[in-house]
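**Q** could you look at this predicted model? Sequence included:
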Amino acid sequence: MNAFPNEVIDIVGIGASTLDRFIVVDHFPTGREVQEAVSSTTDGGGPVATALATAGKYGSRTVMIDRIGADMVGRYILEDFHKYNVNIEGIQVDADAKSGTATILVKQKTGERAVFFERSTAPEPEFLDDYQGLIENAFIVHINGRHRHLMRTAIDIARQSGTIISLDGGAQRYDNDMRPITESSHVVIVARDYAEKYTGTTDLEEACRIIHDRGALIAGVTDGANGSYFVWPDGTSYRCEPFSQATVVDTTGAGDSFHGAFLYMLTKTLCKIADGTNTPTMNETSQSLNAIDLLHSCAHEDLEKAATFASAVAALNTQGIGGRSPLPSLEDIKALIG
């Protein structure tokens with residue numbers, strides 16, 4: 001692996017990177033049935049990977065940590081990261097492994113989907129020496145529970161160095177092993193399913209409060225087209241209204257793009273606080289800053305803007321097929337927000 005750029009990294013992601021194959025169909029097949037596909041396409045995938053691609057598209061400096069195969073799928077994964085300005089120096093390539101793929105059937109009329117996945121045969125990435133400095137000098141480490149041995153090491157380093165730990169708690173991803181990981185994270189934004197299992201309540205406002213009370217500085221619960229709920233570091237609650245769309249083409253990656261968009265806006269705010277200016281970049285920012293201290297200093301207005309921006313990105317991302325290809329331009333996002 002080559003040396004990382006000698007600059008501050010906004011977000012380090014630890015998770016699985018995949019190639020997603022989308023097949024648009026009139027209806028899901030039942031029994032022995034042959035039907036002609038409406039259309040098909042490919043896109044990069046993986047929850048953390050897509051969050052980083054989203055943040056990278058809008059200007060964040062991101063680095064992905066993963067292990068993939070040295071196959072055609074792996075080459076596609078790396079090339080797709082380049083399109084979204086994601087640094088791939090943290091990705092280990094295994095000559096004997098197959099990279100992960102997913103096949104996603106999407107109903108043309110409703111955007112409803114069925115996902116079939118094949119895991120990568122690559123083992124969990126080794127924790128390389130370069131990773132420690134990378135994590136120590138980043139604002140945020142974004143995780144979702146994959147590569148747990150490496151992830152726990154990263155969590156320990158982040159907590160010792162003051163780097164913010166951001167958790168994507170996706171649907172059907174909660175288990176008992178995730179509880180201490182959730183309670184070790186500073187930004188915890190989870191799906192309804194995860195929130196209900198973790199907190200034991202179906203009241204999402206109450207669930208958000210419980211997540212905050214258990215240690216999260218920013219607690220969030222997303223509920224798709226119903227919007228999202230937040231509790232900020234000082235305990236203030238916030239309800240983020242959804243941006244309803246007349247039609248939904250495909251919901252794949254909507255939650256992942258929400259995370260990436262929120263973290264992009266959050267790092268912009270952290271940068272402004274760190275360097276005392278209104279510039280959105282960190283070029284002049286000291287690498288010794290404690291990001292967690294900066295998080296406590298975020299104004300409600302900036303955090304609400306981050307949530308609104310994320311909600312707009314996720315809504316617009318449902319207007320095309322794929323988790324990344326439909327990501328909207330900044331101009332389209334501003335037009336929707338008004």
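**A** In hand now; what should we look at? Numbering: from 1, shown residues only.
**Q** show me the helices in the stretch 51-200 of the chain, by range?
**A** Using DSSP state H, counting those that start in this stretch, the helices of the stretch 51-200 of the chain run over 72-83, 129-136, 148-161, 178-183, 192-199.
**Q** apologies, that question was intended for the stretch 201-338 of the chain.
**A** Counting by DSSP H, counting those that start in this stretch, the helices of the stretch 201-338 of the chain are 204-213, 254-275, 291-296, 300-316, 330-337.
**Q** just name the most buried of those.
**A** Neighbour counts (mean count of other CB atoms under 10 Å) averaged over each of those peak at helix 254-275, with a mean of 26. All C-beta spots, glycine's among them, are computed from the backbone N, C-alpha and C.
**Q** CA-only coordinates of that one in PDB, if you can.
**A** Coordinates of the C-alpha atoms in helix 254-275 are reproduced here as PDB (Å, rounded to 0.1, in the frame of the first residue of the first chain):
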ATOM      1  CA  ALA A 254     -31.100   6.000   0.000                       C
ATOM      2  CA  GLY A 255     -30.100   5.300   3.600                       C
ATOM      3  CA  ASP A 256     -26.400   5.100   2.700                       C
ATOM      4  CA  SER A 257     -26.500   8.400   0.800                       C
ATOM      5  CA  PHE A 258     -28.300   9.900   3.800                       C
ATOM      6  CA  HIS A 259     -25.300   9.000   6.000                       C
ATOM      7  CA  GLY A 260     -22.800  10.200   3.500                       C
ATOM      8  CA  ALA A 261     -24.600  13.500   2.900                       C
ATOM      9  CA  PHE A 262     -25.000  14.100   6.700                       C
ATOM     10  CA  LEU A 263     -21.300  13.400   7.300                       C
ATOM     11  CA  TYR A 264     -20.300  15.700   4.500                       C
ATOM     12  CA  MET A 265     -22.200  18.600   6.000                       C
ATOM     13  CA  LEU A 266     -21.000  17.800   9.500                       C
ATOM     14  CA  THR A 267     -17.300  17.800   8.400                       C
ATOM     15  CA  LYS A 268     -17.900  21.200   6.700                       C
ATOM     16  CA  THR A 269     -19.200  22.500  10.000                       C
ATOM     17  CA  LEU A 270     -16.300  21.000  12.000                       C
ATOM     18  CA  CYS A 271     -13.900  22.600   9.600                       C
ATOM     19  CA  LYS A 272     -15.400  26.000  10.000                       C
ATOM     20  CA  ILE A 273     -15.200  25.700  13.800                       C
ATOM     21  CA  ALA A 274     -11.600  24.400  13.700                       C
ATOM     22  CA  ASP A 275     -10.100  27.100  11.500                       C
END
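**Q** orientation of it relative to helix 300-316 in degrees?
**A** Per axes from the mean of the first three to the mean of the last three CA atoms, to 10 degrees, the angle that helix 254-275 makes with helix 300-316 is 150 degrees.
**Q** quick check: mean pLDDT across helix 254-275?
**A** Averaging pLDDT along helix 254-275 gives 95.
**Q** same check, this time on stretch 53-70
**A** Rounded mean pLDDT across stretch 53-70 is 98.
**Q** would you mark the buried spots in that stretch?
**A** Neighbour counts over stretch 53-70 (16 or more other CB atoms under 10 Å) mark 53-58, 60-69 as buried.
**Q** hmm, back to that, which one of the helices of the stretch 51-200 of the chain lies nearest to D20?
**A** helix 72-83 (9.9 Å; CB to CB).
**Q** by contact count, what packs against the closest one?
**A** Using 3 or more CB pairs under 8 Å, 6 or more residues apart in numbering; DSSP states H and E, the elements in contact with helix 72-83 are strand 18-25, strand 39-45, helix 47-58, strand 62-69, strand 91-94.
**Q** now S40, nearest residue through space, not along the chain?
**A** Sequence neighbours aside, I23 is the residue nearest to S40 in space, at 4.9 Å (criterion: CB to CB, 6 or more residues apart in numbering).
**Q** who's in contact with the one you found?
**A** Contacts of I23 were listed using CB atoms under 8 Å, 6 or more residues apart in numbering, and they are A37, S39, S40, T103, I104, L105, V106.
**Q** from D250, how far off is the fifth one?
**A** Noted for I104: a distance of 8 Å to D250, by CB to CB, to the nearest Å.
**Q** also the first one?
**A** When CB to CB is applied, the distance between A37 and D250 equals 14 Å.
**Q** the more surrounded of these two?
**A** Shown here are A37 and D250; by other CB atoms under 10 Å, D250 has more neighbours (26 against 12).
**Q** touching, the more buried one and L316? I think so.
**A** No. In this structure, D250 is not within contact of L316 by CB atoms under 8 Å, at 12.0 Å.
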